[in-house]
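Q: sequence first, predicted coordinates after that:
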Amino acid sequence: MGKTIRIFLLPVILISGCSITPRRLVSERKTQIISPAIVAKYSESPVLIDGKLDDTVWKIAPVYKLAFSRDIESKGNIIQEGGEVQVAWDEGYLYIGVKFNDSDIVQESDKDQDHHYRKGDLVEIFLKPEANTWYWEIYGTPNNKKTVFWFPGRGRLGLPGCYEPGMELKDILIATQIKGTLNNWKDIDEYWMIEMAIPVKELTKYGDTFGLCSN
């Protein structure tokens with residue numbers, strides 16, 4: 001039975017200039033999905049956030065390969081180290097699973113709520129309700145650190161208030177697995193994986209909806 005998510009977010013998942021940038025995020029449904037879109041697979045049971053990506057839902061959720069944005073790709077650039085993304089959901093959480101091929105895994109920040117993009121590898125997830133101005137910027141790092149910034153709208157970009165936690169940080173769950181060694185430039189790493197659970201109660205606290213649709 002198909003289940004349709006009703007949040008219509010605009011997710012962007014980034015690492016080192018590569019991204020998946022769909023117009024909206026929807027769940028699996030019987031009707032045709034307008035492309036481009038990321039399909040979030042419904043999970044019949046809660047996902048265990050351990051970074052292993054071996055839950056049942058990850059075996060059936062569509063896999064999306066990372067790609068350059070069109071303007072970068074048009075200049076003849078190719079991805080040297082790729083990755084893949086999956087998305088799932090249930091009534092309590094939006095789940096993100098990512099695997100990055102990475103020959104040198106590094107993250108020099110050892111704290112949450114930091115500008116991790118200045119200090120090494122990370123995943124950046126941008127979630128924006130379709131009908132409103134605000135959006136969340138969520139980071140996860142290979143050493144299990146996390147950050148959430150919340151921007152009320154473009155008119156406040158860069159102001160100090162935008163860099164306060166946009167959610168209850170303790171309620172966002174992340175876990176990673178590394179094939180290699182963190183912050184060791186002397187060896188060659190293989191990959192790192194990250195699993196995230198973003199609570200629905202935080203995504204809906206400003207009045208946005210998340211749930212089932214009839215169609």
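A: Yep, it's here.
Q: any idea how far stretch 82-94 is from the middle of the chain?
A: 7 Å (C-alpha atoms, centre = their mean, to the nearest Å).
Q: one more: stretch 138-153?
A: On C-alpha atoms, centre = their mean, the centre of stretch 138-153 falls 10 Å from that of its chain.
Q: what do you get for stretch 118-137?
A: Taking mean C-alpha positions (C-alpha atoms, centre = their mean), stretch 118-137 and its chain are 8 Å apart.
Q: try stretch 186-196
A: 16 Å.
Q: residues in contact with that stretch?
A: 47, 49-53, 95-105, 121, 123, 125, 138, 140, 142, 172-181 (C-beta atoms under 8 Å, 6 or more residues apart in numbering). (C-beta placed from N, C-alpha, C; glycine too.)
Q: pull out the buried residues from that stretch.
A: With burial defined by 16 or more other C-beta atoms under 10 Å, the residues of stretch 186-196 counted as buried are 189, 191, 192, 193, 194, 195, 196.
Q: and the strand or helix carrying the last one, which strands flank it?
A: Taking DSSP states H and E as the criterion, the element that holds residue 196 is strand 191-199. Under the criterion DSSP bridges, strand 191-199 sits next to strand 93-101 (antiparallel), strand 173-179 (antiparallel) in its sheet.
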